[in-house]
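> With the input below, show me the fold.
(3 chains, ligands or ions: 5)
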Amino acid sequence: MEKKDKDKDKGYNRRSFINNGVRLALGVSVVGTAAFTLQRSASGKDYVWQIDPFKCTQCGRCATECVKAESAVKCVHAYALCGYCDLCGGYFKPGAKLQTGAENQLCPTAAIQRKFIEEPYFEYIIDEELCIGCAKCVKGCSAFGNGSLHLQIRHDLCLNCNQCSIATNCPSDAISRVPASEPYIIKGNFTTEEES
Amino acid sequence: MLKKIPNLALILILFALLTGSFLQAQQRFPKPEFDTGYVQPDPTTPEPRAMALEYFDVLVLLAVLSLASWLAVKKRSRRGLLWLSVFSLIYFGFYRDGCICSIGAIQNVALSIFDPGYAISITALLFFILPLLFALFFGRTFCAAACPLGAIQDLVVINPVSIPSWIRKTLGFIPVIYLALSVLFAATGSDFIICRYDPFVGIFRMDGPFLMIFLGITFLLLGMFYARPYCRVFCPYGVLLSWMSKFSKWHLSITPSECIKCKLCKDSCPFDAIEVPVEQAYRTPEVSRKNLKRFILYIGLIPVLILLGGWIGSKSHIFLSRVHPDVYLAELMISQPELKEDEENLDIQAFLESGDTFEQLVDQAAVIREKFRKGSLVMGGFIGLALGITLMNQVVFRRREDYEPHKGDCFSCGRCMDYCPIDSQKSKGESQKLNVESLKLKVENQKSVKSKG
Amino acid sequence: MKKRGLTIVILVILTVIIGVIVVDFLNNRPDRRGENPYALEVDQYKVVDPELISHKETRNFDLGLLIASDMSLYDRALYVSGNSSLVVIPLDGRPATMHEILPRATCLEVDQGNIFVGFSTYVAKYSHEGELLQEWPHLGESTVITNLAIKEDKVFVADAGNRRIVIFNREGEQEGEFEGKAESEAGHGFIIPSANFDLAVNSFGELWVVNTGKHALENYSDDGRMRGYWDKASFDIDGFMGCCNPARITVMEDGSFVTSEKGIVRIKIYDQSGELISVVAPPALFKKERSANEEGKAPEVCVDENGVVYALDFDRDVIRVFEPIESE
Ligand code: SF4
Ligand code: SF4
Ligand code: SF4
Ligand code: SF4
Ligand code: SF4
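Ligands and ions are numbered 1, 2, ... in the order given. As a prediction, this is how the structure comes out:
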């Protein structure tokens, strides 16, 4: 009985010694990984996902690929760039002749409101409740207008996924992490190369 | 007739001027001015969730982990752990939408190690290391009460069946492969597969793509009979936790003092994580010798397995590298050049519009493939090593006399503790010993009564 | 036995889960994905009746690294302004010459005496040898000069930023300006939503200005009174589509117009009263090139006395020559 206990103790001691050693090693490697990561890319910054409207090619996946059933991507209007055109390429279906009926609207959900400002200027306002981020109007606006309509990830809706599911699927690599302090890339805020 | 103007000098001058002219920012076209004095509105920019709240998340995690460890190791309260896990489910799951989570953070860490351009957020890093450190001392208390994925599965355990050990062990190897692949894909910047196939975020968000919801529901249904299926067959973070936990200092124990081998707890663990004492019969000298032989064989096998794994890994790097969209696109465009004309192929069209040349894409793909070549080699070796160690662990060397949780597999859920008859005995010291003896008797009696009846 | 059955069921479900994940993972590939359900279909407007096409592309000049901004035709030579330089390309095959002009010019116009170069906010006068003769006063902050036209001793400067035409004499003295406003119902003034604002003086000495927001060509007297206009807004081939079209025009010997549109790029010829005569280049010839976020820019157009149209294709930095198809 006594001997057995002793044996057990010995075994126990050896085991606990190994255990302690391995634990130390594991602990060091975890903390070491963390430290390495930190010094490699130390940043108190946080990142959020955003679309670079200058890269986006309006492929329509923003409407379908977001993990949310209703995409966190919405169309944003950079009013400062807009020509306030009567015949808006982002609002009307090609070929439609200035009738504002829903059937003449480009937007599949009729999410764009047209507001008369003064002869002959109209303002186009996106109803984000309705917009599904399909970029159809964006395409129309950049094709025929000034490109003032563009897509942005709306951070009140976005879940800030670890990996944005649209980003993995975006054919133009337009979505990337941006510092949370500047979470938007609004077109009108930029001085862009002047169109000739 | 095609006429080229430039001679070389001209090109050079033009080039110099061109680079200069790009630098000067051009004025944007002025806004329209309205006679009525109307001023255009500015687009709204709703702010993302404040960073301070993310630090708060870390604090919550820390608090939950500490509490869980205390509940599991010291307080020994299954009920406490249960309620804590419900809290975590609500907070990290339903309130925080299942993001950020420690499991996915593996990928952030991997990416930030291999891609200097990516800066990991402190929150993600802490989410990654805190549970591991806790596991190193207290076992997988993260799984017990802090992980929302674990919690939701734990709640649906109804009628768990015990699965033959060899199947369990085989299935248990899948997470290792999953871990290796997800690290490989994350490190090469290809994809975050853990996040993509996280089965429960869809449920946490009550919204999501069909596949996500489908997987979530399937896992929950399965979980009624096969407890914690995601944890046991998929969770890559569980692999790391289990390594840590194996060497934990103060792991939860089934009995508060001394095991009386009453076997009452034997079937209490829904995860088959309780190890039974090694019977005396198995500890005969010849068995020991046989074990030793097997042990040595397996040890010798490890380098072979590593080499084999590495070889298979590097053989499959071409296949694996296709996961990266750039590599895939480059291959696609080489093998099917006619797709360039296909207006419907958005990815190729988008690439053509991007202004990059095909050669750039191919170069890029080659760089990525090279990363994959090295990565797959290491990954294969790692899988081989893990396989070797698993085999090696099959050989029972250690005498086990008590019923104990398998430190690697145990989720520290605390269920078994309630089954131990000793737990109800609050007495300490000498009287305890007596009690143990009497208990033993009592249990024996019960058993004999049972077997008679 | 029952337990065994359950185990098998569990294993089957697990296999299915893994299978679904793997299949989904492998299927999510660029060539296995559907088309864009929200695509904007404009292809039907790119089709042009071949009967209408009057010109054929015969050759082109590659501009190399020059990022061109405007082009002018004078005395059998093309004058192209680009990044800080002015390139003169004689059409008879003599080598091109280059002058440095700083900073980046937005437009230019040439006549027998001088080369006038428009920069963003001012105009400068150069000699034919490329020597800077005069820098004219700046026209103010929000000025965006997009085009010039010369009529005898007057230089008309199109300022898209302020939606006005500024009139200078050849010495750079400002003689007036007008915004195209008139009392009549058409006289709304220039509506210029973007930096596309062209003007031209035809061989009868008439000044024509494009009011792009109205898809109109308007005729003005030298002092800025509107004398007539025509407009055509339509996606069909006989009109101008989208906003800001026609982005560029030039005039032929007989007073008809060569127009160039952005968006769906097309070059067409209209008669004096705005009837479509023919199509010089259909949109198919300007298939969107790589690298452009915005859809095609409108090519600058020039036309010579034989009806040959020179189009400066900004998306490719090539001058494309369209010669009339000989009718049998
Ligand atoms: S997925 Fe990319 S290219 Fe497509 S609409 Fe979204 S941002 Fe644009
Ligand atoms: S067309 Fe698409 S992106 Fe534009 S407003 Fe409508 S739903 Fe939104
Ligand atoms: S981060 Fe997630 S929620 Fe946000 S846009 Fe991307 S997929 Fe949608
Ligand atoms: S095994 Fe993974 S999923 Fe399960 S509780 Fe642990 S960390 Fe969470
Ligand atoms: S504490 Fe561990 S051994 Fe006990 S029931 Fe839970 S998982 Fe099983």
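> Could you pull up the residues touching A:Q58?
A:135-136, A:138-139, A:142, A:151, C:40 (C-beta atoms under 8 Å, 6 or more residues apart in numbering or on different chains). The way it works is simple: take the backbone N, C-alpha and C, and place the C-beta from them, glycine included.
> separation between C:E129 and C:A216?
Look at C:E129 and C:A216: by C-beta to C-beta, to the nearest Å, they are 39 Å apart.
> and the two? which has more neighbours close in?
Taking neighbours as other C-beta atoms under 10 Å in any protein chain shown, C:E129 and C:A216 compare with C:A216 leading, 22 against 9.
> next one: phi and psi at that one?
phi -120, psi 150 (degrees, to the nearest 10).
> Identify the bridge partners of it.
Going by DSSP bridges, C:A216 is paired in beta bridges with C:N211, C:D231.
> Now do the contacts for it.
Applying C-beta under 8 Å, 6+ apart, the residues near C:A216 are C:186, C:210, C:229-231.
> separation between it and A:T109?
Distance of C:A216 to A:T109, computed by C-beta to C-beta: 33 Å.
> Also B:F138?
On the measure of C-beta to C-beta, B:F138 and A:T109 end up 52 Å apart.
> Which of these two has more residues huddled nearby?
B:F138 (26 against 15).
> got a list of what that one touches?
With contact taken as C-beta under 8 Å, 6+ apart, B:F138 is in contact with B:69, B:72-73, B:248-252, B:412.
> The stretch 1-150 of chain C: strands as residue ranges?
In the stretch 1-150 of chain C, the strands defined using DSSP state E, counting those that start in this stretch lie at C:55-62, C:68-74, C:77-82, C:85-90, C:97-100, C:107-110, C:115-118, C:123-126, C:132-135, C:145-151.
> Please identify the most buried of those.
Of all these, strand C:115-118 has the most neighbours on average by mean count of other C-beta atoms under 10 Å in any protein chain shown, namely a mean of 26.
> which strands and helices sit next to that one?
Strand C:115-118 sits against strand C:107-110, strand C:123-126, strand C:145-151, with contacts defined as 3 or more C-beta pairs under 8 Å, 6 or more residues apart in numbering or on different chains; DSSP states H and E.
> Export those as TSV, with columns for distance to A:C164 and mean pLDDT.
Converted to TSV, those look like this (distance: least, C-beta to C-beta, whole Å; pLDDT from 0 to 100):
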stretch	distance to A:C164	mean pLDDT
strand C:107-110	43	88
strand C:123-126	49	88
strand C:145-151	40	88
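> How about whatever helix or strand B:A386 lives in, which residues are buried there?
Assigned by DSSP states H and E, B:A386 belongs to helix B:358-394. Counting neighbours by 16 or more other C-beta atoms under 10 Å in any protein chain shown, one finds that the buried residues in helix B:358-394 are B:361-362, B:364-365, B:368-369, B:371-372, B:375-388, B:390-392.
> For my notes, confirm A:A110 occurs in a strand.
No. According to DSSP: H, G, I helix; E, B strand; the rest coil, A:A110 belongs to no strand; its state is coil.
> about what we covered before: go back to the contacts of B:F138 and keep what's next to chain C.
Filtering these for proximity to chain C (criterion: C-beta under 8 Å from any C-beta of the partner chain) leaves nothing.
> Which of those residues lies at the shortest distance from ligand 1?
Of all the contacts of B:F138, B:S412 has the smallest distance to ligand 1: 42.6 Å, by C-beta to the nearest ligand atom.
> Report how many residues lie close to the closest residue to the closest one other than its chain neighbours.
Spatial nearest neighbour of B:S412, chain neighbours left out: B:A144 (4.0 Å); criterion: C-beta to C-beta, 6 or more residues apart in numbering or on different chains. B:A144: 30 surrounding residues under other C-beta under 10 Å.
> just checking, B:A144 touches B:S85?
Yes. The pair B:A144 / B:S85 is scored as a contact, 6.7 Å apart, by C-beta atoms under 8 Å.
> on that earlier part again, for the helix holding B:A386, packing partners?
Using 3+ C-beta pairs under 8 Å, 6+ apart as the contact test, the elements touching helix B:358-394 are helix B:174-187, helix B:285-315, helix B:317-321, helix B:325-335.
> Check the offset of it from the chain's centre.
18 Å (C-alpha atoms, centre = their mean, to the nearest Å).
> anything in the next helix or strand along the chain from it near ligand 5?
As assigned by DSSP H and E, the chain's next helix or strand after helix B:358-394 is strand B:404-405. Yes. Against ligand 5, strand B:404-405 shows contacts by C-beta under 6 Å from any ligand atom at B:P405.
> any idea how far C:A200 is from B:A68?
Remark: distance between B:A68 and C:A200 (C-beta to C-beta) = 80 Å.
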